[in-house]
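A.B. asks: here are the coordinates; sequence isn't available:
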């Protein structure tokens, strides 16, 4: 089984274990359910239907084409940068405009637009990712709504490329360890390099802004050693950061 398939299994196991997660919430700072969750970007975006979501993208001036994809409620393909930041799939250049991995649910696109505004402040102009949408099997029931990558609701971001051409790469620069805290006063990269500090700052600013419901990093498990899994989860009022 490939690493990304393992990652999907691991993410699924976390989501499917919500009752246990709630039970352990008081013991772990990785889970949170803030009282104002309904006012956070991730929860607001996750609550939108396709029409309302597309209307919000239009209001923001986001450039996109509509797509049709199994399991995806509001399937689109971004056709331009968000706040000057391009989200590029890690595929051959000739396949960038056609790969299914670049299909994104409109609700995730709204969070990516918010994320891009944050990235712009760090002079990031491109995010290269391993996948957003992963087509479900042909046996997938018609009309069934997907979650995570099945529903194009998660991105596996690996490389953050800056205006000067330098790159902050998760696999090279995150400098974490499985089980470590990711954000907060106890979270420290080791070694604590300039690249690790900035990469951690980018991620934790997104966490603090509640742009995504689920954020998984190399601190989570080996399948996530080279990317950040950032996900909008519809219909929930909790957040997981690991």
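C.D. replies: Yep, it's here. It should be emphasised that the depicted structure is a prediction, and the values quoted were computed from it without experimental measurement.
A.B. asks: hey, which strand is longest across the chain?
C.D. replies: When the chain is parsed with DSSP state E, its longest strand is strand 154-162.
A.B. asks: pLDDT of the following helix or strand past that strand, averaged?
C.D. replies: Sequence order places strand 167-169 as the next helix or strand after strand 154-162, per DSSP states H and E. Across strand 167-169, pLDDT averages out at 98.
A.B. asks: what's the burial count for residue 194?
C.D. replies: Neighbours of residue 194 under the rule other Cβ atoms under 10 Å: 9. All C-beta atoms are positioned from the backbone trio N, CA, C, and that covers glycine.
A.B. asks: dihedrals phi and psi, it?
C.D. replies: Torsion angles at residue 194 (phi, psi; degrees, to the nearest 10) stand at phi -60, psi -40.
A.B. asks: ok, residue 53 - contacts?
C.D. replies: Contact analysis of residue 53 by Cβ atoms under 8 Å, 6 or more residues apart in numbering lists 45, 74, 106-107, 109-110.
A.B. asks: which of these sits closest to residue 141?
C.D. replies: residue 74 (18.6 Å; Cβ to Cβ).
A.B. asks: the closest one and residue 137, how far apart?
C.D. replies: Between residue 74 and residue 137 the computed distance is 21 Å (Cβ to Cβ, to the nearest Å).
A.B. asks: between those two, which is the more surrounded one?
C.D. replies: residue 74 (24 against 7).
A.B. asks: in the protein, what spans have low per-residue confidence?
C.D. replies: 1-29 (pLDDT under 70).
A.B. asks: show me where it has its strands.
C.D. replies: Assigned by DSSP E, the chain shows strands spanning 31-32, 64-66, 75-78, 86-89, 104-105, 124-129, 154-162, 167-169, 214-216, 228-231, 239-241.
A.B. asks: pick the most buried one from those strands.
C.D. replies: Of all these, strand 104-105 carries the top mean neighbour count, a mean of 29, counting by mean count of other Cβ atoms under 10 Å.
A.B. asks: returning to what we had before: now, the contacts of residue 53 that are in helices?
C.D. replies: 45, 106-107, 109-110 (DSSP state H).
A.B. asks: so how do I select the buried members of those in PyMOL?
C.D. replies: Only the buried entries of the ones in helices among the contacts of residue 53 go into this PyMOL selection, using 16 or more other Cβ atoms under 10 Å:
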select buried, resi 45+106+107+109+110
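A.B. asks: just name the closest of the ones in helices among the contacts of residue 53 to residue 144, please.
C.D. replies: Nearest to residue 144 among those, with distances taken as Cβ to Cβ, is residue 107, at 16.8 Å.
A.B. asks: that closest one contacts residue 74, correct?
C.D. replies: Yes - under the criterion of Cβ atoms under 8 Å, residue 107 makes contact with residue 74 at 6.6 Å.
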